[in-house]
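1. Build me a structure from this.
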Amino acid sequence: MVSEAVGREYTVCALTVYGDLRLLRIA
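-> Predicted structure coming up:
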C-alpha cells in the first residue's frame, strides 16, 4: 500500500538523519 511505502521511506530518512547527527556529534 502507499501508506506502507511512505512509512518505510520516512523510517529510512529518519535513521539516516539520526546516523548523520551521531557522526557529527562524534566528530
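2. So for the helix or strand containing Ala5, what gets flagged as buried?
-> Taking DSSP states H and E as the criterion, Ala5 maps to helix 2-26. By 16 or more other CB atoms under 10 Å, helix 2-26 has no buried positions at all. For the C-beta atoms, the positions are set from N, CA and C on the backbone; glycine is no exception.
3. and that helix, what does it pack onto?
-> Helices and strands touching helix 2-26, as assessed by 3 or more CB pairs under 8 Å, 6 or more residues apart in numbering; DSSP states H and E, are absent.
4. model confidence over it, on average?
-> Mean per-residue pLDDT for helix 2-26: 92.
5. chain center to that helix, what's the gap?
-> 0 Å (CA atoms, centre = their mean, to the nearest Å).
6. I'd like to check what contacts it. Which residues are they?
-> Counting contacts by CB atoms under 8 Å, 6 or more residues apart in numbering, no residue outside helix 2-26 touches it.
7. From here on, call the first residue 56.
-> New numbering, starting at 56: the last item is helix 57-81.
8. which residue is nearest the middle of the chain?
-> For the chain, Ala69 is the residue whose C-alpha lies nearest the centre (CA atoms, centre = their mean; 2.2 Å).
9. any idea how far Arg80 is from that one?
-> According to CB to CB, to the nearest Å, Ala69 and Arg80 sit 16 Å apart.
10. what about Leu79, distance to Tyr73?
-> From Leu79 across to Tyr73, the span is 11 Å (CB to CB).
11. and if you look at Ile81?
-> Applying CB to CB, the value for Ile81 to Tyr73 is 13 Å.
12. cool, Ala60 as well?
-> Shown here: Ala60 relative to Tyr73, a distance of 20 Å by CB to CB.
13. do the same with Thr66
-> Separation of Thr66 from Tyr73 (CB to CB): 10 Å.
14. do Tyr65 as well
-> Distance from Tyr65 to Tyr73, counting by CB to CB: 12 Å.
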